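[1] here is a sequence with its predicted model. Questions after.
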Amino acid sequence: MFHLGKLMAVLFAVAMLAMPAMATAAEHKLVLQISDSDPQKMNTVLNVAANVSRLYSERGDMVDIKVVAFNAGLHMLRPDTSPVSERIKNFAASMPNVEFQACNNTREAMAKKSGKDVPIFEFAEVVPAGVVSIIELDEQGYTIVRP
């Protein structure tokens, strides 16, 4: 019994010493939804991602940001129709904590309507359904924002 008490005391001490290290680098999780083809809203999404990333970086915190595009917002991730094409390419190259997701349901509907393939930027992940991805990210503790 005496050895168990010592073991518990040592484990408690180790846990207490580790806590400040774990608390210094909090991880935040954010989903930004884009479902409109409005260039202003697309730029707002990118502005929010940049501002949130910068603020948490200055604090020494980590932040994982996912931009989920579906419906008309998918144009943001299409190299052939994106009104923010150059900005988003630069953004994707310089912001490793920001990921882009493209809704495959929307992509297939656009392809069917136009009769041709719908290209998506190579840095974007094509997910089966944008809304389902948002639901699952919410269940994983992400905060959802629709700027």
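    Received, thanks.
[2] could you pull out the strands for this protein?
    27-34, 62-69, 98-103, 125-127, 143-145 (DSSP state E).
[3] now do the buried residues in the third one.
    Buried positions in strand 98-103, judged by neighbour count with 16 or more other Cβ atoms under 10 Å: 98, 100-103. C-beta coordinates here come from the backbone N, C-alpha and C atoms, glycine included.
[4] pipe those residues into a markdown table and attach distance to residue 111 per row.
    Below are those laid out as a markdown table (distance: Cβ to Cβ, whole Å):
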| residue | distance to residue 111 |
| --- | --- |
| 98 | 26 |
| 100 | 19 |
| 101 | 18 |
| 102 | 12 |
| 103 | 12 |
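[5] include pLDDT when you put these into JSON lines, please.
    Output for the buried residues of strand 98-103, formatted as JSON lines (pLDDT from 0 to 100):
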{"residue": "98", "pLDDT": "96"}
{"residue": "100", "pLDDT": "98"}
{"residue": "101", "pLDDT": "98"}
{"residue": "102", "pLDDT": "98"}
{"residue": "103", "pLDDT": "98"}
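[6] dump the strands of the chain into CSV; add distance to residue 89 as well.
    Formatted as CSV, the strands of the chain follow (distance: least, Cβ to Cβ, whole Å):
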stretch, distance to residue 89
strand 27-34, 16
strand 62-69, 14
strand 98-103, 11
strand 125-127, 16
strand 143-145, 23
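[7] of all those strands, which lies closest to residue 135?
    strand 143-145 (9.3 Å; Cβ to Cβ).
[8] closest one to residue 91 out of the buried residues of strand 98-103, please.
    Checking the buried residues of strand 98-103 one by one against residue 91 (Cβ to Cβ), the nearest turns out to be residue 98, at 6.9 Å.
[9] distance check, the closest one against residue 90.
    To residue 90, residue 98 is 12 Å away according to Cβ to Cβ, to the nearest Å.
[10] residue 140 too?
    Distance from residue 140 to residue 90, by Cβ to Cβ: 28 Å.
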